[in-house]
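Chemist: coords please:
(one chain, ligands or ions: 1)
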Amino acid sequence: MSRDQDDERFGRDDQAGDDDDFPARAGAAGAQAARVNPPVRGLPGRPPRDGRPVAEPRAAEGLDLDPGPARNREFEGIVHRMLELLGEDPDREGLMKTPQRVSNALTWLTRGYELDIAEVVGDALFEEEHEDMVMVRDIELYSLCEHHMLPFFGKAHVAYIPDRHIVGLSKIPRIVDAFARRLQVQERLTEQVADALEQVLKPRGVGVVIEAYHLCMMMRGVEKQNSKTITSAVRGSFRTKAETRDEFLRLAHGG
Ligand code: ZN
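Modeler: Numbers count the residues shown, from 1 in each chain. All right, here's what the predicted structure looks like:
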């Protein structure tokens, strides 16, 4: 039996109240699974800049952006120069704050460099005898292609078959995000999410499918509009067992 995201959500809401890190359970309601520490090593990050946090995007961010909490004058200077090289006048009114906005936005969009998978997962790893496929579908995904620094975006579908350990369901989108918020290629992103889950959970198998639209292709007219790139990565029983892989792919593609 497999359960999709909606079932998992229902289970979680039903049994765990407000704790969004507590996963759905396959067994009797009420009995809490024991938390275990994630045996994960950190990922290479970017060096901290002046110890300042990444600026959160502001709801009011628009034409009248207030100065963000993080300023990076060197970055802003480069954007200023880029505007000149594009033939713009960086000092005209509409562009006055653009270097600051671009600096803040790009830092935010690549904040994955500052995330550590062990920290992302935290203590949301649980002992559990559940042995069926757990799947989180339609995880929103935004990334930047490393070739053009233009967005690619779409959905990730992530599944695994536990081996005594399960992870809080809300952590799976956060793991995807930690890898997506970097300069990426879709193929590597897919592999990294699969590897991270394998590392964190030591499951019997992992499967990841990502379907995404690439603005570097669409906006430049390289490919037909609306052509979607689909990548997948399978590990363990998802690789070795045809029926597991088939079930995963069927669920990933909305079967
Ligand atoms: Zn590209």
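Chemist: From here on, just use CA atoms for contacts and neighbour counts.
Modeler: OK.
Chemist: Up against the ion, what does the stretch 151-255 of the chain have?
Modeler: Taking C-alpha under 5 Å from the ion as the contact definition, the stretch 151-255 of the chain meets the ion at Cys216.
Chemist: Could you check how far the closest residue to the ion within the stretch 151-255 of the chain is from Gly154?
Modeler: Closest contact between the stretch 151-255 of the chain and the ion, by C-alpha to the ion, is at Cys216 (4.5 Å). For Cys216, the distance to Gly154 equals 14 Å [C-alpha to C-alpha, to the nearest Å].
Chemist: On the three-state scheme, Ala233 is what?
Modeler: strand (DSSP: H, G, I helix; E, B strand; the rest coil).
Chemist: which residues touch it?
Modeler: Contact analysis of Ala233 by C-alpha atoms under 8 Å, 6 or more residues apart in numbering lists 190-191, 194, 207-209.
Chemist: do that again at 10 Å, thanks
Modeler: Shown in contact with Ala233 (C-alpha atoms under 10 Å, 6 or more residues apart in numbering): 158, 187-195, 206-210, 239.
Chemist: which residues does it form a beta bridge with?
Modeler: The partner list for Ala233 in beta bridges (DSSP bridges) reads Val208.
Chemist: so where's the protein uncertain?
Modeler: Residues of the chain that meet the criterion pLDDT under 70 lie in 1-70, 223-224, 255.
Chemist: for the lengthiest helix in it, packing partners?
Modeler: Counting by DSSP state H, the longest helix found in the chain is helix 186-201. In this structure, helix 186-201 packs against helix 117-121, strand 125-127, strand 134-145, strand 151-161, strand 165-167, helix 171-180, strand 205-214, strand 229-236, with contacts taken as 3 or more C-alpha pairs under 10 Å, 6 or more residues apart in numbering; DSSP states H and E.
Chemist: Okay, domains of this structure per the record?
Modeler: If you go by automatic domain parsing, the domain ranges for the chain are 5-38+123-252, 47-109.
Chemist: Which of these sits closest to Leu115?
Modeler: domain 5-38+123-252 (6.0 Å; C-alpha to C-alpha).
Chemist: now check stretch 126-143, is it near the ion?
Modeler: No: counting by C-alpha under 5 Å from the ion, the ion has no neighbours in stretch 126-143; the shortest distance is 10.7 Å.
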